[in-house]
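> Need coordinates for the below:
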Amino acid sequence: MLNPFTEEHEAFRRSVRAFVEKEMAPYGLEWDRAGIFPRELFKKCGELGFLGINHDPKFGGSGLDYWYVTAFAEELSRSRNAGVNMALLVQSQMATPIINEIGTDEQKREFLEPALKGDRIAALGVSEPGCGSDVASIKTTARRDGDDYVINGSKMWITNGTRADFITLAVRTGEQGYGGISLVTFPTDVKGFSISKKLDKIGNLSSDTAILYFEDCRIPARYVLGEENQGFYHIMTNFQGERLVGAITTVGGMDRMLEDALQYGNEREAFGRPLIKFQVWRHKFVEHLTAVEAARRLNYYAVDLYDRKENPVKEISMAKLFAGDLAQRVAYDCQQFFGGMGYIEETPIARMWRDVRLITIGGGTSEVMKEIISKLYGF
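The predicted model follows:
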């Protein structure tokens, strides 16, 4: 575990790094100001195999292990734009894994294959205006009517929501509680579907996030993923991948913050010497570098278990909790180190500082992670 990456992993990492530094990093500020990034980026990532790293080769994936996903997520941080990173990861590691795992061949051909190519944009529709982490409380309904389901309700906080071609959608098909939830593939060209509102967020500005509305939307019953009323269990499993990749990108983001701060500290002088030569900052950065390395190793432990198809709920929850809370402190100190330059949008640390706030909220808050961990320890 000292070095879990093979030379093949590292060659893949280098290809991702080259792509991110050329095709993404130069446009971070531009895309944030536009509030969206070009759709063509999905296509470029699909052509390079970045959207189907660990998906079924029969439908356009590469069938690789999760260490390749880890390398991909770590290198995405070089874009210094959490919004575009999140949109690409929703496509590749949040909305499509369920289809890859339990979808029929017909569903995979219609939805998974074009998503992995970047031809169709995917979203994950679970959260609603009245519930986020409490998935068992969702109210969006899917009523069986002959060979169709008729869907009514709304979803909120949906990444890629304004331009998704389909949604991996959680709906209520049965009784209240976790036992009555199903998953469906939902094409957004269905009559009755509308984008109620694009949300004006304080961070992750280049990813479009929307409130979606469903009014008597009719889809064929063959779009149900897996068994009816068994969707809750698949959502909980999917959450583990979502939280793990969130922890991985967060550690990558902290690497970039510290990298930028240390470079600035060697170049910027105050009172006749570089900023980094002041003991208060040297010691603070040593503490952060040590903690980030600990977070990375916690991630790798969780990845190792996850890649071996174990169910590391505790380890993933710990990884997300630790990385998320640490990132708030690292971002604060790195921005403080830049002084006034850290308070303008043109400086990446300013954007990373506001973007990193989401990791303690999205995919399950830090408080939810603590509840999960405490229950697993039996208290």
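> any idea how far R78 is from K22?
10 Å (CB to CB, to the nearest Å). The way it works is simple: take the backbone N, C-alpha and C, and place the C-beta from them, glycine included.
> F59 is in contact with L116, isn't it?
Yes. If you go by CB atoms under 8 Å, F59 and L116 touch, sitting 6.8 Å apart.
> Find residues that contact each of these two.
G52 (CB atoms under 8 Å, 6 or more residues apart in numbering).
> residue contacts, Y343?
335, 350.
> do E47 as well
With contact taken as CB under 8 Å, 6+ apart, E47 is in contact with 117-118.
> between K22 and R78, what contacts are shared?
With CB under 8 Å, 6+ apart as the test, K22 and R78 reach no residue in common.
> tell me the domain boundaries of this protein?
As recorded under automatic domain parsing, the domains making up the chain are 7-117, 122-230, 232-376.
> sorry, back to before: look at F59 and L116 and report which has more neighbours.
L116 (29 against 22; other CB atoms under 10 Å).
> and the closest residue to the more buried one other than its chain neighbours, how far is that from K155?
Of all residues not flanking L116 in the chain, G52 sits nearest, at 3.5 Å (CB to CB, 6 or more residues apart in numbering). Between G52 and K155 the distance is 25 Å, computed by CB to CB.
> which stretches of the stretch 251-379 of the chain form strands?
269-270, 273-274 (DSSP state E, counting those that start in this stretch).
> Nearest to N238 among these would be which one?
strand 273-274 (46.7 Å; CB to CB).
> so where's the protein uncertain?
1 (pLDDT under 70).
> what ranges do the helices span in it?
7-23, 28-34, 40-47, 66-76, 82-89, 97-102, 105-107, 113-117, 231-267, 279-307, 313-338, 348-355, 366-376 (DSSP state H).
> Which other helices and strands does the second one contact?
Translated: helix 28-34. Contacts defined by 3 or more CB pairs under 8 Å, 6 or more residues apart in numbering; DSSP states H and E place helix 28-34 against helix 82-89, helix 348-355.
> tell me the contacts of the residue nearest to L116?
Contacts of G52 by CB under 8 Å, 6+ apart are 46, 59-62, 92, 96, 116.
> of all those, which comes closest to P129?
Among the contacts of G52, T96 lies closest to P129 (CB to CB), at 24.9 Å.
> what's the neighbour count on the closest one?
Number of residues near T96 (other CB under 10 Å) recorded here: 26.
> List the contacts of it.
T96 touches 51-52, 55, 111-112, 115-116, 122, 168, counting by CB under 8 Å, 6+ apart.
> Then S137?
130-131.
> That one and R172, how far apart?
For S137, the distance to R172 - CB to CB - is 10 Å.
> Verify the stated contact: S196 with F214.
No. Contact status for S196 versus F214: not in contact, 10.0 Å apart, counting by CB under 8 Å.
> what about these two, which has more around it?
More crowded of S196 and F214, by other CB under 10 Å: F214, with 25 against 15.
> Count the neighbours of the nearest residue to that one once chain neighbours are set aside for me.
What sits nearest to F214 in space, not counting adjacent residues and going by CB to CB, 6+ apart, is I151, at 4.7 Å. Neighbour count for I151, taken as other CB under 10 Å: 24.
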